[in-house]
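1. Quick one: sequence and predicted model below, then my questions.
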Amino acid sequence: MTGPSAVLAALDGSHVLAVPRGTDLLPLARAWFPSALWAREPVSAAQAAAARPMTGARFRGIAVAPVRTAGALSLDGSVEVVGPYPVDAAEARALTLPPQDSDLYALPASPVPGATLPPDLVTGWATAVARRTAGGILPAARDRTVVPDPASAVDLTLWSAVPLSTADVLPLVRPALAGSRLTPPAPGGAGEGFALTATYEYDGTLQLGCSRSRDVPVVLSTLDWREHGPWAYRVTWQPHDPHELDQAHPSPLHVIARQRVTPSIARVVATLWRAAGGTVVDAGGFVVPHEELDARARAR
């Protein structure tokens with residue numbers, strides 16, 4: 001390791017995205033930018049050592065340290081994310097980032113000439129990635145650290161090719177949505193779909209909405225068409241004070257309510273997935289694998 005000061009010097013003038021060591025950034029990039037690719041593959045020290053020819057000075061007792069090369073992940077052909085730059089948990093803590101072995105990536109802090117991606121979209125993606133991976137962000141000004149709470153993204157959507165009827169859905173989800181009531185489609189709508197709403201005294205409102213939608217998340221374009229469909233089964237949470245959803249440090253009561261509703265949301269979506277198939281996408285636009293969905297459903 002080179003130390004936090006040396007790492008920051010290499011990333012001077014850039015926003016810095018920190019993710020847990022070994023995180024595969026490419027699928028996370030393609031979830032928002034389907035054409036993302038490695039314009040330059042990163043080379044680890046071990047790979048550099050393995051590729052070094054076994055001739056010359058090494059055999060005269062002179063050890064030459066292998067050189068790590070940072071990669072360049074192109075989001076759209078012009079905007080690049082450069083890294084990884086590895087730091088250990090102690091170095092991450094010194095940078096006021098989550099104290100874990102991490103990979104750091106540099107993001108442009110100003111508009112890239114000729115780029116079509118708005119800077120806000122790139123920083124929005126980085127924030128979503130930090131939340132998804134329990135990572136963090138150092139803005140270019142280095143005046144603060146942004147560490148989004150991974151537990152704050154509780155809403156889930158199942159995208160399926162199978163349209164389940166109300167009669168199909170009710171007996172499946174009511175064990176997890178006790179006291180839920182059927183809501184008819186909104187006046188003037190297409191007439192397709194329905195909603196189930198359950199309101200709780202302390203925990204707010206959970207709603208399952210089913211509708212056919214043309215507005216699908218970008219990540220679905222990276223999957224085989226047989227793995228999803230136009231039917232969206234959205235399970236969302238509305239706390240008693242919606243403003244707390246945007247707070248970096250919500251009240252303890254909000255956190256307790258969120259902990260109670262999160263498993264219910266996962267159970268509803270897991271039940272629907274077993275009945276209809278499809279792909280689950282979280283509030284950040286990333287695919288949620290079945291193992292994670294089951295873990296959320298078992299959480300206490």
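-> That came through, no problem.
2. show me where the protein has helices.
-> 4-10, 25-30, 45-51, 89-94, 119-133, 166-173, 252-276, 290-298 (DSSP state H).
3. Pull the last one out as CSV, backbone CA atoms only.
-> Which is helix 290-298. What follows is helix 290-298, C-alpha atoms only, in CSV (Å, rounded to 0.1, in the frame of the first residue of the first chain):
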residue,chain,number,x,y,z
HIS,A,290,-32.4,-14.3,-5.7
GLU,A,291,-29.9,-15.0,-2.9
GLU,A,292,-30.0,-11.4,-1.7
LEU,A,293,-33.8,-11.3,-2.0
ASP,A,294,-34.0,-14.4,0.3
ALA,A,295,-31.5,-12.8,2.7
ARG,A,296,-33.6,-9.6,2.9
ALA,A,297,-36.7,-11.7,3.6
ARG,A,298,-35.0,-13.5,6.5
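4. Are there helices or strands packed against that helix, and which ones?
-> helix 252-276 (3 or more CB pairs under 8 Å, 6 or more residues apart in numbering; DSSP states H and E). Quick note: C-beta positions are derived from backbone N, CA and C, even for glycine.
5. Tell me which residues touch residue 240, please.
-> Residues near residue 240 by CB atoms under 8 Å, 6 or more residues apart in numbering: 202, 204, 257.
6. any idea how far the second one is from residue 117?
-> Taking CB to CB, to the nearest Å as the criterion, residue 204 is separated from residue 117 by 35 Å.
7. How about residues contacting stretch 152-162?
-> 131-132, 216-217, 220, 226, 228-237, 245, 250, 258, 261-262, 265-266, 269, 272-273, 275-284, 288, 293.
8. Now a ChimeraX select for only the buried ones of these.
-> Command for ChimeraX that selects the buried part of the contacts of stretch 152-162, burial taken from 16 or more other CB atoms under 10 Å:
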select :131,132,217,220,228,229,231,232,233,234,235,236,237,250,258,261,262,265,266,269,272,273,275,276,277,278,279,280,281,282,283,284,288,293
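9. can you redo the contacts of residue 240 as JSON lines with neighbour count?
-> Compiled in JSON lines, those are given as follows (neighbours: other CB atoms under 10 Å):
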{"residue": "202", "neighbour count": "10"}
{"residue": "204", "neighbour count": "20"}
{"residue": "257", "neighbour count": "21"}
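10. any idea which of the residues you listed is least confident?
-> On pLDDT alone, residue 202 ranks lowest of the contacts of residue 240, at 92.
11. Residue 89 touches residue 101, doesn't it?
-> Yes - using CB atoms under 8 Å, residue 89 is in contact with residue 101, at 5.4 Å.
12. re earlier: which of the contacts of residue 240 lies closest to residue 82?
-> Ranked by distance to residue 82 (CB to CB), these are led by residue 257 at 40.3 Å.
13. Provide a list of residues in contact with that closest one.
-> 202, 203, 204, 239, 240.
14. Quick check: residue 211 touching residue 164?
-> No - using CB under 8 Å, residue 211 is not in contact with residue 164, being 11.7 Å away.
15. Overlap in contacts, the two.
-> Shared contacts of residue 211 and residue 164, counting by CB under 8 Å, 6+ apart, come down to residue 231.
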